[in-house]
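Visitor: Task: produce atomic coordinates for the following.
(chains A and B)
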Amino acid sequence: MGKAAFLCDAERCIECNACVTACKNEHEIPWGINRRRVVTINDGRPGEKSISVACMHCSDAPCMAVCPVDCFYKTADGIVLHSKDLCIGCGYCFYACPFGAPQYPQAGNFGSRGKMDKCTFCAGGPEENNSPAEFQKYGRNRIAEGKLPICAEMCSTKALLAGDADDVSSIFRERVVARGFGGDSWGWGTAYGNQNDS
Amino acid sequence: MSPRPRARAGSVARRRLAPCVVLLAGLLGGAAAAEPVLTGHGGPVKGLARAGEMILTASFDNSVGLWGPGGTHMRWLEGHAAAVNVVIDAGRGRLLSGGDDFEIIAWDADSGSALQHFSGHRGKVMGLALSPDGRHFASASWDGAVGLWDLDTGTRLALVQAGAGAVNAVAFAGPDRLYSASADGTLRRWELGESGLEPGRDVLTGGFGINVLVPGPGWLAYGTVDGRIGALALPSEEPLAEISLERTPVLALAANPAATLLAAGDGQGFITLIETADWSLGRALHAAERGPVWALAFLDDHRLVAAGLADHAAVWAVDGPAEPLFTMAAGQRFKVDPASVGNGERQFARKCSVCHSLTPGDARRAGPTLHHIFGREAGALPGYSYSEALAASGITWSPETLDRLFDLGPEHYTPGSKMPMQRIISAQDRADLIDYLRDATR
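Guide: Okay, the predicted model is just below:
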């Protein structure tokens, strides 16, 4: 994979929340944490649109820049991951993330000081691939199994696309040309700028 | 990221300007006076403000610092049980601070004593604003609520849920109008009435999160998490300007006293100046070689104080040299070369040293020093403000109890203490850390 990327086609998202459910089920995400969520704009009004949002694994990730303990790292595929052993739950990354991706469990001594949790692009974490420790902290590592993120795999309308940025943007371009409208891929520019590569 | 024409222009300007300044200083027969550096905090500085001649700093090390105009340290304000995010001048010799402990504290600036605790939020307090008449203040919290408090009587006038998103900032625009900005992109107007806070109008909705607000004469400026700075005309709330920094996110925004200049700090470590007369971009300083600019405050119309991931804050004269304020190494004391140290020392550096020192003094870290930890009763070190839960735990620190602490995690072994969730799963890593501490804490 060149640069891992998500793209949500708002013209296709039907707000079914299958991506949210699939993510929670695949990674056994605890109560109170949603690595992915569906946001609806203009709900119930003309122009209503829904978008599936999670960590976009930005090319120039702001979370990495602001972390006071430098717990983030980027894989060769451009996937932004973090070490829960190093995270101190300070919340700085939540403040910096355009997509509201970082989540914090409320089980800590201070409600706000649990270890940060976020979408891993189904790529696990720094522990050994597919080890029990990796699954417990970060969820399943589908990338190591040669698979793509479960949220996009489960999307019934293929609104949510995940994979190589070039492939994903190429599919989206074809769609826009074919249908003749709806060319705005929300968040793409903010996450990846004008580059397809990290 | 997309191209950064302003950033490039700034760095070119720096290269050209620096020799000119040295030459000019040489012609005048002396070096340019160095701007103050505020050194002493034990963690990143997240909030900055000016109170008369004083500079105020709010830090991850749980304390508020008071500094003289030349950067001389005057006093520490201790009372928060977690990181302090914001501090403001509340007038009449009073200061207000808000933190990760969900508390707001009013302080007497002269004595340093806490005058009043304002409790009620159930999330981090991220923003504070004083009403124009100085009687009330508003608070913004990640519990999604906006608070309105009476500063003189210490009473809570309102604590209203602003929506689903965390509230990052509040700003008054007149005696009876308040704005709140949320992580879900909502900019909401509130009316102050007999019953406290009444929701007015959602001026902005559905966009990227808004981190910061700055009110000015006839305008309200805001900075967003996707790198935009916007300005609305007041009271009409019509858009005046929108500027994209092309550097995300905007984390800090401050106006000079004359309100002619805005300074924006971003996640890429730049400070960008904006002329409010025509909302045009001015100089950009790459202030932090690594990490963000978290906080900004103008000291006068031409000088501002900035903070990032480093333990210090630094002053920049906005028409002076464009030299970095924070080096690549600033705020990186926990980084060690794994090849040059043992596993135990590496465990300590990466997982403990952000909040704990090993020397007799606590170095103003968020947690107490670990010097002579073995044999010490938990919560017994004089001078550190422990939680009641830890002080009453009955634990004496030993290799066995430290091992239990990190095997179970503080939330289970010392529930109710200040220590964040931290487990070390590997028994070997725990043993190596304890072996290292045995020597290093003697």
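
Visitor: Could you list the low-pLDDT ranges of chain A?
Guide: Across chain A, the ranges flagged by pLDDT under 70 are A:106-113, A:194-198.

Visitor: Check the secondary structure at residue B:129 for me.
Guide: strand (DSSP: H, G, I helix; E, B strand; the rest coil).

Visitor: Would you mind confirming that it makes contact with residue B:170?
Guide: Yes. Residue B:129 lies in contact with residue B:170 (C-beta atoms under 8 Å); the separation is 4.6 Å. Using the backbone N, CA and C atoms, a C-beta is placed for each residue, glycine as well.

Visitor: Mutual contacts of these two, please.
Guide: B:138, B:178, B:213 (C-beta atoms under 8 Å, 6 or more residues apart in numbering or on different chains).

Visitor: from those residues, which is closest to chain A?
Guide: residue B:213 (14.2 Å; C-beta to the nearest C-beta).

Visitor: secondary structure class for the closest one?
Guide: Following three-state DSSP, the label given to residue B:213 is strand.

Visitor: Please give me every residue in contact with it.
Guide: By C-beta under 8 Å, 6+ apart, residue B:213 lies in contact with B:127, B:129, B:169-171, B:179, B:181, B:187, B:220-222, B:253.

Visitor: In strands only, show me those residues.
Guide: The strands, defined by DSSP state E, take in B:127, B:129, B:169-171, B:179, B:181, B:187, B:220-222, B:253 from those.

Visitor: what mean pLDDT does stretch B:433-442 have?
Guide: The average pLDDT for stretch B:433-442 rounds to 95.

Visitor: now the residue in the stretch 301-442 of chain B that chain A sits nearest to, what's its secondary structure?
Guide: Relative to chain A, the nearest point of the stretch 301-442 of chain B is residue B:420 (4.1 Å; C-beta to the nearest C-beta). Assigned by three-state DSSP, the conformation of residue B:420 is coil.

Visitor: so what's it scoring on pLDDT?
Guide: Confidence at residue B:420, expressed as pLDDT, is 80.

Visitor: May I ask you to confirm that residue B:169 is in contact with residue B:210?
Guide: Yes. The criterion here is C-beta under 8 Å, and residue B:169 meets it with residue B:210 at 7.0 Å.

Visitor: hey, what's in contact with both of these two?
Guide: Joint contacts of residue B:169 and residue B:210 (C-beta under 8 Å, 6+ apart) are B:181, B:222.

Visitor: Give the residue from those two that has the larger number of neighbours.
Guide: Higher neighbour count among residue B:169 and residue B:210: residue B:210, with 27 against 24, using other C-beta atoms under 10 Å in any protein chain shown.

Visitor: my read: that one touches residue B:224, true?
Guide: Yes. Contact criterion C-beta under 8 Å: residue B:210 and residue B:224 qualify, at 5.4 Å.

Visitor: what residues are shared contacts of these two?
Guide: The contact sets of residue B:210 and residue B:224 overlap at residue B:185 (C-beta under 8 Å, 6+ apart).

Visitor: how near is residue B:142 to residue A:35?
Guide: Relative to residue A:35, residue B:142 is positioned 19 Å away (C-beta to C-beta, to the nearest Å).

Visitor: burial measure for the residue of the stretch 301-442 of chain B closest to chain A, as a count.
Guide: So residue B:420, with other C-beta under 10 Å, has 24 neighbours.

Visitor: And for residue B:280?
Guide: Neighbour count of residue B:280, defined by other C-beta under 10 Å: 11.

Visitor: Pull the contacting residues for the residue nearest to it when sequence neighbours are not counted.
Guide: Spatial nearest neighbour of residue B:280, chain neighbours left out: residue B:274 (7.1 Å); criterion: C-beta to C-beta, 6 or more residues apart in numbering or on different chains. By C-beta under 8 Å, 6+ apart, residue B:274 lies in contact with B:229, B:243, B:261-264, B:280-282.
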